[in-house]
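Chemist: Have a look; sequence and predicted model below, questions after that.
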Amino acid sequence: MYDVVVVGAGPSGSTAARECAKRGLTTLCIEEHGTIGHPVQCAGLLSLAAWQECGVSQKSVLHEIRGARFVTSAGDVHTLDAGVPKACVVDRGILDREIAASALAAGADLRLKTYVQRISPSGGLITTGVHGREEVQTRLIIAADGVRSGIARLQGFPRSPVLLTGLQAEIRWEMDPGYVEVHPHASPDFFGWVIPAGKNRARVGLCGTKEVQNRFDRFLCRYPTPCTHHVTGAIPLGVMPRTYGKRTLYVGDAAGLVKPTSGGGVYTGVRSARHAADVAAICCERDRFDDGALSLYEQRWKKDFGRELRLGFRLFQLRGSLTPEEVDRLLSVLDDPSLLDSIKTYGDMDRPRRLFLQLAKKPAFYPLLRLLVQKGLHQILR
Ligand SMILES: Cc1cc2nc3c(=O)[nH]c(=O)nc-3n(C[C@H](O)[C@H](O)[C@H](O)COP(=O)(O)OP(=O)(O)OC[C@H]3O[C@@H](n4cnc5c(N)ncnc54)[C@H](O)[C@@H]3O)c2cc1C
């Protein structure tokens, strides 16, 4: 019998496994694929804080990013230059494998090519895979099985309210390796991106809820060059109503713990995994796995970044109601030196709330604030 079985060896699952093992818990991580980090479903853009949370070497880092170029619907470019590296572009395959290796080094067991199919009446996980059909007994499950979480389905837990579709192509393209490009007009309910991905390579993609394939095809047409790799994936927005229960803690995409302003899930996934490991250690020590004991996990991640996700989700809802001209007006904040200063000082890819509150105090931001109020900002600040 294991103390903890983690289902899924993405960044959230491998971090949870490593942190549980470090806390002295007997831990098994189960992954359906034969290779960790494959297939890649990610643009690989992480804040430096997110990358540090992963606890890995520099091996996966392709570029350091110091700024972003926002392209308006008319093709004008507003540049945000932080002056120092704030983010990095990673090779997700290498990153995921390094986190998994650190889980093994910490003492966790790992079973690849093994799929969790069912949960037995006694609470064991029934798996199929290279070792045939098995039943694994555990005191606690950490569900890190991604956006389509089969564990949540098996346990009858309601899921995230919104599912974005993301499409991306890796192309031969030369661009400044220190900047990412953001194209809001490419996807009217989210945005498109162009991200440097190694020498003369870039990742071009977008996310959205409607007409995603058509919009992506139109966006990609601007880059008439061979594509070497296509990515299709889904991103959950909005956290599942309850992230614990039935001897299980839900982390990362499985719980919908994704930043709704960017679709990035590595930072929140890895942080949620650390909270889950802390609570797993407490529950094992006290030998208590009832919902009351597990609820400590939700209290902890909410205290850490719950308000950021709430604000982010409301901004996502508001984004869909903005016209291209209104988005362009909002991008003009980058032309005002006093606002740009605040953005440089308080801007944080993972925690946008502080910047938002700072901007709201600046007179130069008032016209834009009025626009946002007309669009329902008061509901955002509730
Ligand atoms: C197009 C696109 C671009 C993105 N770009 C970024 C970005 O730039 N930055 C960022 O931070 N995030 C980005 N994301 C989101 C990011 O990829 C996810 O948030 C992140 O991978 C979540 O990690 P996770 O470990 O929670 O889940 P996953 O990485 O999805 O891992 C889940 C694992 O569980 C395994 N699994 C599932 N079911 C079972 C089962 N029954 N048995 C055994 N194993 C199972 C899967 O094989 C998988 O390995 C992007 C997503 C998409 C789709």
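Modeler: All right, it came through fine.

Chemist: Tell me how many other residues surround residue 195.
Modeler: Look at residue 195: counted by other CB atoms under 10 Å, it has 26 neighbours. All C-beta spots, glycine's among them, are computed from the backbone N, C-alpha and C.

Chemist: for it, helix, strand, or coil?
Modeler: The assignment at residue 195 comes out as strand when based on DSSP: H, G, I helix; E, B strand; the rest coil.

Chemist: does it have beta-bridge partners, and which?
Modeler: Beta-bridge pairing of residue 195 under DSSP bridges involves residue 203.

Chemist: if I read this right, it contacts residue 44, doesn't it?
Modeler: Yes. Between residue 195 and residue 44 there is a contact at 7.1 Å, judged by CB atoms under 8 Å.

Chemist: Show me whatever sits in contact with both of the two.
Modeler: 89, 203 (CB atoms under 8 Å, 6 or more residues apart in numbering).

Chemist: Could you verify my assumption that residue 281 touches residue 26?
Modeler: No. Between residue 281 and residue 26 there is no contact, the gap being 11.8 Å when judged by CB under 8 Å.

Chemist: need the residues of the protein near the ligand, please.
Modeler: The chain comes close to the ligand at residues 7-13, 30-33, 41-46, 115-116, 144-146, 150, 166, 168, 205, 231, 233, 235, 252-253, 258, 263-266, 269, as judged by CB under 6 Å from any ligand atom.

Chemist: Phi and psi next, for residue 70.
Modeler: Backbone geometry at residue 70, expressed as degrees, to the nearest 10, gives phi -100, psi 120.

Chemist: residues contacting it?
Modeler: 77, 78, 79, 80, 181, 182, 184, 331, 334.

Chemist: Neighbour count says what about those residues? Which are buried?
Modeler: Neighbour-count burial (16 or more other CB atoms under 10 Å) is assigned, among these, to 78, 80, 181, 182, 184, 331, 334.

Chemist: immediately after the strand or helix carrying residue 329, which helix or strand?
Modeler: Assigned by DSSP states H and E, residue 329 belongs to helix 324-331. Sequence order places helix 337-346 as the next helix or strand after helix 324-331, per DSSP H and E.

Chemist: quick one: that next one to chain centroid distance?
Modeler: With CA atoms, centre = their mean, to the nearest Å as the basis, helix 337-346 stands 25 Å off its chain's centre.

Chemist: so what secondary structure elements neighbour that helix?
Modeler: For helix 337-346, the elements it packs on are strand 77-81, helix 353-359, judged by 3 or more CB pairs under 8 Å, 6 or more residues apart in numbering; DSSP states H and E.

Chemist: The residue nearest to residue 96 when sequence neighbours are not counted sits in which helix or strand?
Modeler: Using CB to CB, 6 or more residues apart in numbering and skipping the chain neighbours, the partner closest in space to residue 96 is residue 37 (3.2 Å). Under DSSP H and E, no helix or strand contains residue 37.
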